[in-house]
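Asks: When you get a sec, could you give me coordinates for this:
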Amino acid sequence: MIYYKDFEDFYTGGFDDGKRGRLPDGLQYKKTPIVVFGCSYAFGQNCAVDKNFSGILSNLLKRPVYNRAMCGSSFQHMYYQTLTDSFYKDVPPADTVIYMAINYHYGRMLGDTFSLFDEFRYLHYTCKNGSLIEDNYNSFFNNVLMRSYFFRLIKYQADKVYVDIKLNSDKISDEALVYFLKTRENLEKKWGKNFNFVVYFYRVNHVSEKLIQKLEKNGFIVITNEELTKENLHFFPSKYMQNDGHPNEDAWELLTPLFARELKNKKVI
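Replies: The predicted model follows:
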């Protein structure tokens, strides 16, 4: 089994399938960098190096972009990275931090593995009184339990149902907010407060609607695809990979310039 602490050296192996991370984009631009967090959407799965979100964004803005997204991850991976010394060795102080959120991230926030079918151990924290406490999976019992297919299947389905119930949206959005607040605190301790934190919602559901209100109340900048395109991209199957449903290069060619323009409209950059 591979444990998440093995990923502390984020760029070991260089640009590959997302299990280690991508190399920075636009290092030829000698300007203050941008940092991107998220999952396979932000990572640019199945897209060429210069045809994904961070690659296009870097070329549009003529800025270095450090893409710290990891396939299958969620808010925990963002928070965990900003706790580690290796992150600050790899990434210089940025003036813009972007997290790309999709609806699956709420279920992953509750889950313990990257995927139902692989061997990767995922980060898991319990949110208590506005703090994040890392769960302890070092015991033999927990290791055996976490590797049980049936346990993972039951928990995966239970988490999915829990997130889909609208009555739970306040609690789930409260817990998601803590990850953003604590990540910002981590970054401020190292970089100071002179950066903008943007949360880019690729899709919006009932939890996201609650979270957006709370993020904006706490000084985060929110951008959604709905405000960029004025229409639901799901009506355009040509913008998605046929084999796995991820946004394709055409989607990022459409969305990234609109996102960059919105950054300028909101005076983020």
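
Asks: For the most centrally placed residue in the chain, which non-adjacent residue is spatially closest?
Replies: Residue closest to the mean C-alpha point of the chain, counted by C-alpha atoms, centre = their mean, is Gly38 at 1.7 Å. Spatial nearest neighbour of Gly38, excluding adjacent residues (C-beta to C-beta, 6 or more residues apart in numbering): Met100 at 3.7 Å. Where you see a C-beta, it was placed from the backbone N, CA and C, and this is true even at glycine.

Asks: Any idea what the one you found is bridged to?
Replies: Bridge pairing for Met100 (DSSP bridges) gives the partners Tyr200.

Asks: got the residue ranges for the strands in the stretch 51-200 of the chain?
Replies: 65-67, 96-101, 125-128, 131-134, 196-201 (DSSP state E, counting those that start in this stretch).

Asks: Which neighbours in the sheet does the fourth one have, and how are they oriented?
Replies: It stands for strand 131-134. Note on strand 131-134: by DSSP bridges, its sheet partners are strand 125-128 (antiparallel).

Asks: Checking Ile223 next. Helix, strand or coil?
Replies: strand (DSSP: H, G, I helix; E, B strand; the rest coil).

Asks: hang on, the earlier thing: who are the neighbours in contact with the residue nearest to the centre of the chain?
Replies: When contacts are counted by C-beta atoms under 8 Å, 6 or more residues apart in numbering, Gly38 is found next to Ala69, Ser73, Met78, Tyr99, Met100, Ala101, Ile102.

Asks: I'd like the distance between it and Tyr66.
Replies: Gly38 sits 12 Å away from Tyr66, going by C-beta to C-beta, to the nearest Å.

Asks: residues in contact with stretch 251-258?
Replies: Against stretch 251-258 from outside (C-beta under 8 Å, 6+ apart): 44, 47, 51-53, 56-57, 60, 225, 228-229, 233, 239-240, 247.
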